[in-house]
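# Kindly generate the corresponding structure for this input.
(one chain, ligands or ions: 1)
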Amino acid sequence: MIAIAVLMQTRLLMGADWYPEQWPESRWEIDAQMMEQAHLNVTRIGEFAWSAMEPSEGHFELDWLDRAIRVLEKHHIAVVLGTPSAAPPAWLTRKYPDVLRIDENGQRVTHGNRAHGSASSPEYRELCRRIADVMAERFGHDPNVVGWQIDNEFGYALMSYDSTTHRQFQDWLHAKYGSLDSLNTHWTTPYWSQTYDSWSEIPIPIGEHNPGLMLDWKRFVTSTWTDYVRNQIDAIRQHADSRQFITGNFMGVGFDGFDHYAVSAPLTLIAWDDYVGSGHLSFNGNGLSHDAMRGLLQKNFWEIETQPGSVNWSNLNNSLDKGEVRAMAWHAIGHGADEVSYWQWRSALNGQEEMHGTLVGPDGEPEPLLAEVARTAQEFGEASEAFRDTHVESHVALLNDYASRWAIEWQKHTDKWNTMQIVSDYYRVLRHIAQSVDVVSPYARLSDYALVVAPGLNVIPDSLARHLMDYVRNGGHLVLGPRSGLKDQYNALLAERQPGKLREALGDRVEQYYALEHEIPLTPHGHASVWAEYLSGNAHVLMRYGTANGWLDGQPAMVTREYGKGRITYIGCVLDASTLDSAAAWMARVSGVHRAFGPVPDSVEVTRRVGTNHKQVFVLINFASRPREVTLPRTMWSVFDKRPMHAVHLTRYGVAVMMSDQP
Ligand code: GLA
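Below is the predicted model:
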């Protein structure tokens, strides 16, 4: 009992997602024993087991779940209980057909897949609350249950386009705007005769629509999912010990179905599902997601699902290479994960995901990968003391803003624009200069960062402009990328030039923006592509456009200005890779940003976690196909070799964990 609490506090955890309801009870003991032998110490169960927990309405059967938890406990495996709302049972959808979602085409979804319940249906909410309540009453004090997962991947943010939801949206708008006059003004509805005389006239936007309406719909989707999650949290919290965390499994930085900062706010732990799909792990691409998920609550997180070799849903479901699954697990730890868990332990013999990778085969025997996972889990155990009470601490932040992402996506102006590509490019260079980057909301506390970079902060309401100016005034360096400060919180154009209210700090304004047909030269060197804005005013010019379309020729492309105790910089175009590298090197220099570790070869990723008394733990991973030598900046303690070292040799996918207690 106590062992589980200690385990949670002191260990890096490794686990697998397990579905006892799919197997005869006689098999459970064997599975738990195999997990224990593989050094796994946590499992998530229950998130799709509604029909087993409530086989008919109001008739709850949780004894089997209790027995499964006891089998796991016997083998020192802690449990995360999933609420089963992503898959309501057949009796439920038959009895309450209105809880099935209506899709965008007006079709009611059929039973037999998942995420078929409507998150906005009051009836469905009540049924979800009831099962969560009954589960929490039974397991809220269970010593072997360490936490709860709400739903599964939040139904991919899917909405029901039914009349109840429509009315809720109209009521939500009413509460937000108070008067139709206000809504009509902010959405500029005289345009195309959109003026609304009654709340009931306002449609749900499907396809292209008024940008104000579209942004409010996204905010309504966000608020629906936040309430959906909160409804179950409230049910659980009535019973559950406070030591039990409540999480949800997010899907990384690329998914923008809702505003993650709002949906995650009521949770006490962030977990996410980390899949490579086709191909191989990109440590920058995946690191960006880790850092963005860590940034939701700005604390350590769990990788509650990851791929055991391969998946079943990609174009090419190749396996990760031998050693790559281990490297991926350590990569997660380096970015702030305290747990890594494989989806899944063993595949159901039937069902939509028969072909997905697993740790145990259909015959119940280990897959070849289980040995690699077991080795990694053992290493987690051995390294736990080193990582105890450590977290990622960065001096550089990259801002991630969902409103801006949506606003740009709906009015891209050029198909060449790829927001996530631009964000990834900035992330890559910032990691290079700092080796540790936080990805946070623009509304987060920024004062601890020496450098804050916003590659495409399109929507800057006045309150945000003030927040960013305070950051600069107090000594920070804010770097804005192209398309910054064009819109207000209603997705309306600001009645001033970019970057809106930040112009006061920048001293410059954007004269005009241009979607580029092809690359254009920059002076003193480099190229701009995709997008170019030219600036004018009294800021210091760092880069100009060369000969281009006439309008841009010789005009400022990148400017900077000291403001208060800090500095603000504007980059008006998409820079080529090497110019972006030099721009980042300049940012590091003027902002006093240093690398957390020191030079490493290009294909070696280094991450850092810090603890008390100057403790720093570095994870070094070689993603190159050939071995690499890394000279350490000073002698460090090798956690795996248990001796001091001043250089490490990393084979392909080789991992080193190095500890230092010097600042
Ligand atoms: C998601 C789901 C899991 C499973 C995996 C397969 O992350 O949460 O239930 O379907 O994908 O990759």
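
# Doesn't residue 509 belong to a strand?
Yes - the assignment for residue 509 by DSSP: H, G, I helix; E, B strand; the rest coil puts it in a strand.

# residues touching the residue of the stretch 551-663 of the chain found nearest the ligand, list them.
Nearest residue of the stretch 551-663 of the chain to the ligand, counting by Cβ to the nearest ligand atom: residue 653, 21.6 Å away. Bear in mind the C-beta positions are built from the backbone N, C-alpha and C, glycine included. The neighbourhood of residue 653, defined by Cβ atoms under 8 Å, 6 or more residues apart in numbering, consists of 321-324, 326-327, 621-623.

# Distance of residue 462 relative to residue 469?
10 Å (Cβ to Cβ, to the nearest Å).

# Mutual contacts of these two, please.
Joint contacts of residue 462 and residue 469 (Cβ under 8 Å, 6+ apart) are residue 501.

# Give me the more crowded residue out of these two.
The residue with more neighbours, out of residue 462 and residue 469, is residue 469; 20 against 12, by other Cβ atoms under 10 Å.

# tell me which element residue 409 is part of?
helix 402-410 (DSSP states H and E).

# Following element in sequence after that helix, please.
Counting by DSSP H and E, what follows helix 402-410 is helix 419-434.

# by contact count, what packs against whatever helix or strand comes next after that following helix?
Downstream of helix 419-434, the first helix or strand assigned by DSSP H and E is strand 437-440. Other elements packing on strand 437-440 under the criterion 3 or more Cβ pairs under 8 Å, 6 or more residues apart in numbering; DSSP states H and E are helix 283-297, strand 396-399, helix 419-434.

# per-residue confidence averaged over the second one?
The one in question is strand 396-399. The average pLDDT for strand 396-399 rounds to 98.

# So what touches that strand?
Contact partners of strand 396-399, identified using Cβ under 8 Å, 6+ apart, comprise 291, 423, 426-427, 430, 433-434, 436-442, 444, 446, 449-455, 457, 593.

# tally of neighbours for the closest residue to the ligand within the chain?
Across the chain, the shortest distance to the ligand (Cβ to the nearest ligand atom) belongs to residue 273, at 3.8 Å. Residues near residue 273, counting by other Cβ under 10 Å, number 20.

# The ligand contacts on the stretch 301-450 of the chain?
Residues of the stretch 301-450 of the chain lying close to the ligand by Cβ under 6 Å from any ligand atom are 305, 311, 313, 343, 353, 356.

# would TSV of those residues with secondary structure, distance to residue 209 and neighbour count be doable?
Shown next, in TSV, are those (DSSP: H, G, I helix; E, B strand; the rest coil; distance: Cβ to Cβ, whole Å; neighbours: other Cβ atoms under 10 Å):
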residue	secondary structure	distance to residue 209	neighbour count
305	strand	34	23
311	coil	34	19
313	coil	30	12
343	coil	37	23
353	coil	36	15
356	coil	37	19
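
# show me where the stretch 151-300 of the chain has strands.
245-247, 249-250, 271-274 (DSSP state E, counting those that start in this stretch).

# Now do the second one: which elements does it pack against?
Strand 249-250 is packed against strand 271-274, with contacts defined by 3+ Cβ pairs under 8 Å, 6+ apart.

# Provide the contact partners of the strand it packs on at residue level.
149, 153, 247-252, 286, 289-290, 293, 301-307, 328, 332, 339, 343.

# Just checking: what are the partner strands of it?
Sheet pairing here is set by DSSP bridges, and for strand 271-274 it gives strand 249-250 (parallel), strand 301-306 (parallel).

# Could you export the ones you listed as CSV, including mean pLDDT?
Formatted as CSV, the strands paired with strand 271-274 follow (pLDDT from 0 to 100):
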stretch, mean pLDDT
strand 249-250, 98
strand 301-306, 98
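
# Redo those as JSON lines? Include distance to residue 50.
Listed next are the strands paired with strand 271-274 as JSON lines, based on distance: least, Cβ to Cβ, whole Å:
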{"stretch": "strand 249-250", "distance to residue 50": "17"}
{"stretch": "strand 301-306", "distance to residue 50": "19"}
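
# Sticking with the residue sitting furthest away from the middle of the chain, tell me its helix or strand.
Note on the chain: the largest C-alpha distance from the chain mean falls to residue 550, namely 41.7 Å (Cα atoms, centre = their mean). Here residue 550 sits in a region with no helix or strand, counting by DSSP H and E.

# and the closest residue in space to residue 344 that isn't next to it in sequence, how many neighbours?
Leaving aside its chain neighbours, residue 344 sits nearest to residue 17 (4.7 Å; criterion: Cβ to Cβ, 6 or more residues apart in numbering). Applying other Cβ under 10 Å, we find 24 other residues in the vicinity of residue 17.

# Make 36 the first number, not 1, from now on.
All right, first residue 36 from here; so that's residue 52.

# Would you confirm that residue 52 contacts residue 77?
No - Residue 52 lies out of contact with residue 77 (Cβ atoms under 8 Å); the separation is 9.9 Å.

# shared neighbours of those two, which are they?
Going by Cβ under 8 Å, 6+ apart, residues that sit against residue 52 and also against residue 77 are residue 376.

# backbone phi and psi for the residue nearest to residue 379, please?
With angles defined as degrees, to the nearest 10, residue 52 sits at phi -90, psi 130.

# The ligand contacts on the stretch 486-635 of the chain?
Counting by Cβ under 6 Å from any ligand atom, no residue of the stretch 486-635 of the chain is near the ligand.

# List the residues that contact residue 608.
Residue 608 sits next to 517, 551, 557, 563-568, 580, 592-593 when contact means Cβ under 8 Å, 6+ apart.

# what about 10 Å?
For residue 608, the contact set (Cβ atoms under 10 Å, 6 or more residues apart in numbering) comprises 516-517, 548-549, 551, 555, 557, 561-569, 578, 580, 587, 592-593, 614.

# same thing with residue 102?
Residue 102 makes contact with 55, 60, 63 under the criterion Cβ under 10 Å, 6+ apart.

# taking the residues you listed one by one, which sit in helices?
In helices, judged by DSSP state H, the following of the contacts of residue 102 are found: 60, 63.

# From the contacts of residue 102, keep the buried residues only.
In terms of neighbour count (16 or more other Cβ atoms under 10 Å), the buried residues within those are 55, 63.

# out of the helices and strands packed on strand 472-475, deepest packed?
Ranked by mean neighbour count under mean count of other Cβ atoms under 10 Å, the helices and strands packed on strand 472-475 are led by strand 431-434, which reaches a mean of 27.

# Tell me the buried residues in stretch 158-175?
159-160, 162-164, 166-175.

# Filter the residues you listed down to the ones in helices?
159-160, 162-164, 166-174.

# Turn these into JSON lines, including distance to the ligand and pLDDT.
Formatted as JSON lines, these follow (distance: Cβ to the nearest ligand atom, whole Å; pLDDT from 0 to 100):
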{"residue": "159", "distance to the ligand": "20", "pLDDT": "98"}
{"residue": "160", "distance to the ligand": "21", "pLDDT": "98"}
{"residue": "162", "distance to the ligand": "21", "pLDDT": "98"}
{"residue": "163", "distance to the ligand": "17", "pLDDT": "98"}
{"residue": "164", "distance to the ligand": "22", "pLDDT": "98"}
{"residue": "166", "distance to the ligand": "18", "pLDDT": "98"}
{"residue": "167", "distance to the ligand": "18", "pLDDT": "98"}
{"residue": "168", "distance to the ligand": "23", "pLDDT": "98"}
{"residue": "169", "distance to the ligand": "23", "pLDDT": "98"}
{"residue": "170", "distance to the ligand": "18", "pLDDT": "98"}
{"residue": "171", "distance to the ligand": "21", "pLDDT": "98"}
{"residue": "172", "distance to the ligand": "26", "pLDDT": "98"}
{"residue": "173", "distance to the ligand": "23", "pLDDT": "98"}
{"residue": "174", "distance to the ligand": "21", "pLDDT": "98"}
